Each structure stands twice: as C-alpha cells, then as structure tokens.
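In: Attaching a predicted model along with its sequence, questions to come.
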Amino acid sequence: MQKRQMVLVAIVVLLLLSVAAPMGEDMAAAAAADPSGMGLAWQNITGRDATLWSVRWSPDGSMLSATYFDNSTSVYNSTTGGLLARIEARPVPAGRCDGYTPPGCFPLRCSAWSPDGSYLAMGGDDRAVLLYNVSDWTLAGVLTGHRGSVLTLDFSPDGRYLASGSGTDKVEMNNANDENLVKVWDVENSTLVKDLAGHQDGVMEVRWSPDGRRLVSCSDDKTIRVWETSNWSLEAELRGHTLGVLCADFSPDGGTLVTGSRDYTIRLWDMDMANFSKGAKTSIAQMAKWSAPNCVRSVDWHPSGEWIAASGVDTTLLTVRNATTGAVIRTFTESAAARASVMSARWSPDGGALAAGSGKEAAVRVYVFGERSPVAAEPVPWWVPNMVIYTIISCAGFIIFWVLARRHMEGERR
C-alpha cells in the first residue's frame, strides 16, 4: 500500500512540475494574441525643438534609436525609456530643425542596427552614412559618395551589406537634383559595391527580404523596384500607387510586400508571383489595396505574420491591421492631441512591443501587450513567480517522498 502511495505522489509531483514550468510562456502567448489589448508601457517626450523622423530597435530588443532633425540620434533603454546615449553628428545650431532649417543644420533622417548589434548606422541631409561602434558610441567609419540626402538605411540579414537610399533634399536645397540612388556598401571594407539607378525621385525606403535574396526600393516617383542581390539586376518594377511610395516591408516568409503611400493607401504585392518577368513594369502582382485617412509614412510586419503596424500623418496616426483583411484592430491616439504625425513605427524583434516616433511632438512611445497605462520597468520578471511555484512544489514533493520512504523503511524493520 505504501509503495503505491509513493508512486502516486511521485506522478502527481511530476504532473505539477510539467504544468508549472511553461506557465509563464503560456500566459505571455495568451496576452500577445490580441493587439486590441495593447497599451502604453512608457513614453519619452523630450521637448526638443526638432522633428523626430524614425525609430529602430536593436537586434536584441534592448535599445531603441531615434533620429532627430537637430543632427542627432538618441538611444533609449527599450524597457524604461531612459536615455543611454545621444550622438551628435554635427554641432547643433540654434533654431528649430524642421521646415526651413537654420544654416548649418543637416537633419538626420534614418538609422539602422547591424544584425550582430556591433554598429549603428545613421544618415541624413549631410549626404554621408555614419557608422558608430555600439560598444562605446565612437565613430567607426564614414561612407561617402551620395550627392543627395540619405533618406533610408537597411543592413542585409547577414550583415555583409548596407543599403542606402537617397534623394533631393526637400527641406534645404543643398544637394543634387538628380540624386535618386540606392547604394550598396560592403560593411567590413567600407567600400561601395553597386549603384542601383533608375528611380526618378527620392528613394524613401529600402528593405531586404528575410532571406537576403531581394532588395526593394520605394520612391516618390510612385514605383517600387525589386532588385536581385545575386547580381544586383532589376527583377521587377511594381506600379499601382498614384503618388509617392514612402515605406515598405516584407512579410516574415518573404512572400508578400506591403507598401504605404502619399496616395492614402496601403497595398500588398505578391512576391512569389510566377509571372514576374525580368525588368517588367507590372501591377499584376498587386494583391490588395486598403484605404487610409492620410499619407502612410511607415509600415511594419509583425514577426508572427498576423498583423501590420501602419502610421502616418494626422488622422492616420498609428494603427495595427489584420495582415490578411486589412481591418484595423487597434488605433493608438496618444499623439492625437498634438496632431503630430507618427513618422515611424516598428515592432520589436520578438514581437512583444511596438515603438512609435511622433514627428514634431518629438516623442517616443512603446506599447506592449496587456498594458493599459504607463509603467516603470518590470519590478519582478514574469518567470520569478513561476520559479517560486516550481521550488515550492519540488520541496513539497521531496518532503512527502522522504516521509513516505522513511515510514516504509521503519515498517520493514518491524
């Protein structure tokens, strides 16, 4: 009888342990299943007299970079919003750095983290690409050659290449009118690999496919160009938008491209289309068109593939859409009072948070699943309660097992 009790207790303890161990993961997954339940974790309204243009996550999700029109990039702790570094590409002049900027102000417009987290690249209206060491925020290199403002940057998935897109400076006309190029750089050697020409207006965003086999560039000339990275040739030119295309992103599997435009639409494109012919100017690949209330400045696909974050000017603000139907699941209105454009929005690498940069408000906000109001850094990590439960159950099981074993031994002695 006692042996049966001992076996039964052991089974119960093992079952309890198997349930307790993944408890935190199950709770996190459940919380992340509904974007409508997302809320503000923190916000950093700097009060700076300079427009915030873009935000980007570090590869490990621990930091956020934000580029401003006062020639600087700030790096924030992604959990607390605390400032970790402020990198000034040039001395900051007096006066507001947007609209018609004061002399000597060359707004930074973009930043990008290398996949291994070693470098943070920045670009803007001074026409150079700056590479900084993340370890100590010192300048590691300068890539020169653009004759127009550097409007967008993106590292290849393997970190070997950095793509930069340029265009005529719309703020301060101090660069070439015909500079609408994509440049591909070898990061290790700081050398130019290829100029990808053909756009007739500024290149507003460049994005690599997840497998690195394609690079897309979207432009104010209303087109999206798809480049094969094996030989840097033009695979297709996608047409359909009626005004400038401002943003793009690949789905996690690389099969679909989402784009946003000044024409108040978001469009999906089939990147696996069998009819893709080399260099073709085609609108056949367009799968869907969703309306927006104003210019769409930013689109970003959630790592799960289920949702797309889109942001833009005034009433477009920041929304999360169903990636299949385009239905708006959640609209974030924290910027509404200031009527500030949400110039940039990006999901964290793990998909658990969404960062937004609010233009003239110069505000960075981070939203997470299951939060409803600003919170400080998590005082007790989610795994701690589970570890306590695990420990209690383990100790209780051991004590019970030990007591029953001792009784059994005493019974045999008698």
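Out: Okay, I see it.

In: Please point out which parts of the host helix or strand of V193 sit buried.
Out: Assigned by DSSP states H and E, V193 belongs to strand 191-196. Of all the residues in strand 191-196, those buried under the rule 16 or more other Cβ atoms under 10 Å are 193-194, 196. C-betas here are computed from N, CA, C, even on glycine.

In: Likewise for stretch 76-90?
Out: So stretch 76-90, judged by 16+ other Cβ under 10 Å, has buried residues 76, 78-81, 87, 89.

In: Of all pairs in the residues you listed, which one is the farthest apart?
Out: The span of the buried residues of stretch 76-90, defined through Cβ to Cβ, is set by T79 and A89 at 26.5 Å.

In: will you turn the buried residues of strand 191-196 into TSV that also has distance to S58?
Out: Shown next, in TSV, are the buried residues of strand 191-196 (distance: Cβ to Cβ, whole Å):
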residue	distance to S58
V193	25
K194	27
L196	27
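
In: ok, so of those residues, who is nearest A121?
Out: For the buried residues of strand 191-196, the nearest to A121 is V193 (15.1 Å; Cβ to Cβ).

In: any idea how far R267 is from that closest one?
Out: As judged by Cβ to Cβ, to the nearest Å, V193 and R267 stand 30 Å apart.

In: Output the below-cut-off pLDDT ranges for the stretch 1-150 of the chain.
Out: 1-33, 47, 90-105 (pLDDT under 70).

In: Helices of that one, start to end?
Out: 2-20, 23-31 (DSSP state H, counting those that start in this stretch).

In: The stretch 301-414 of the chain too?
Out: Here the stretch 301-414 of the chain has its helices, by DSSP H, counting those that start in this stretch, at 383-413.

In: tally of neighbours for S233?
Out: Neighbour count of S233, defined by other Cβ atoms under 10 Å: 11.

In: P293 now?
Out: With other Cβ under 10 Å as criterion, P293 counts 13.

In: per-residue pLDDT, the closest residue to it other than its chain neighbours?
Out: Excluding the flanking residues, the one nearest P293 by Cβ to Cβ, 6 or more residues apart in numbering is T315, at 4.3 Å. T315 is assigned 80 on the pLDDT scale.

In: Distance-wise, check T315 relative to M204.
Out: In this view, T315 and M204 are 21 Å apart by Cβ to Cβ.

In: Same drill for those two, tell me which one is more crowded.
Out: A direct count of neighbours by other Cβ under 10 Å for T315 and M204 places M204 higher, at 25 against 12.

In: and that one, that's in a strand?
Out: Yes. Under DSSP: H, G, I helix; E, B strand; the rest coil, M204 sits within a strand.

In: what's the burial count for the residue nearest to it when sequence neighbours are not counted?
Out: Excluding its sequence neighbours, the residue lying closest to M204 (Cβ to Cβ, 6+ apart) is L246, at 4.8 Å. Neighbour count for L246, taken as other Cβ under 10 Å: 26.

In: Wait, P107 touches S72, no?
Out: No. Using Cβ atoms under 8 Å, P107 is not in contact with S72; the gap is 9.6 Å.

In: Could I get the full set of strands for the stretch 101-250 of the chain?
Out: Ranges of strands within the stretch 101-250 of the chain are 108-113, 119-124, 129-133, 139-143, 149-155, 161-167, 182-186, 191-196, 203-208, 214-219, 224-228, 233-238, 245-250, based on DSSP state E, counting those that start in this stretch.

In: Same list (the ones you listed) but as CSV, adding distance to W53.
Out: Putting these into CSV (distance: least, Cβ to Cβ, whole Å) gives the following:
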stretch, distance to W53
strand 108-113, 5
strand 119-124, 8
strand 129-133, 15
strand 139-143, 19
strand 149-155, 9
strand 161-167, 14
strand 182-186, 19
strand 191-196, 23
strand 203-208, 12
strand 214-219, 16
strand 224-228, 21
strand 233-238, 25
strand 245-250, 12
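
In: Out of these, the one nearest I399 is which?
Out: Across the strands of the stretch 101-250 of the chain, closest to I399 is strand 108-113 (Cβ to Cβ), at 50.0 Å.

In: Tell me the residues that contact both of P107 and S72, please.
Out: Residues within reach of P107 and of S72 at once, by Cβ atoms under 8 Å, 6 or more residues apart in numbering, are A50.

In: ok, back up a step: out of the buried residues of strand 191-196, the closest to N180 would be?
Out: Checking the buried residues of strand 191-196 one by one against N180 (Cβ to Cβ), the nearest turns out to be L196, at 10.4 Å.

In: Distance check, S217 against M38.
Out: Going from S217 to M38 by Cβ to Cβ gives 31 Å.

In: neighbour count winner among the two?
Out: Higher neighbour count among S217 and M38: S217, with 26 against 22, using other Cβ under 10 Å.

In: May I have the residues that are in contact with the more buried one?
Out: Per Cβ under 8 Å, 6+ apart, neighbours of S217: 163, 165, 182, 196, 199, 203, 205-206, 224-225, 227.

In: I'd like these as TSV, with distance to Q43 and pLDDT appended.
Out: Shown next, in TSV, are the contacts of S217 (distance: Cβ to Cβ, whole Å; pLDDT from 0 to 100):
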residue	distance to Q43	pLDDT
A163	31	98
G165	30	97
V182	34	98
L196	38	97
H199	36	95
V203	31	96
E205	25	97
V206	29	98
I224	33	96
R225	36	96
W227	38	96
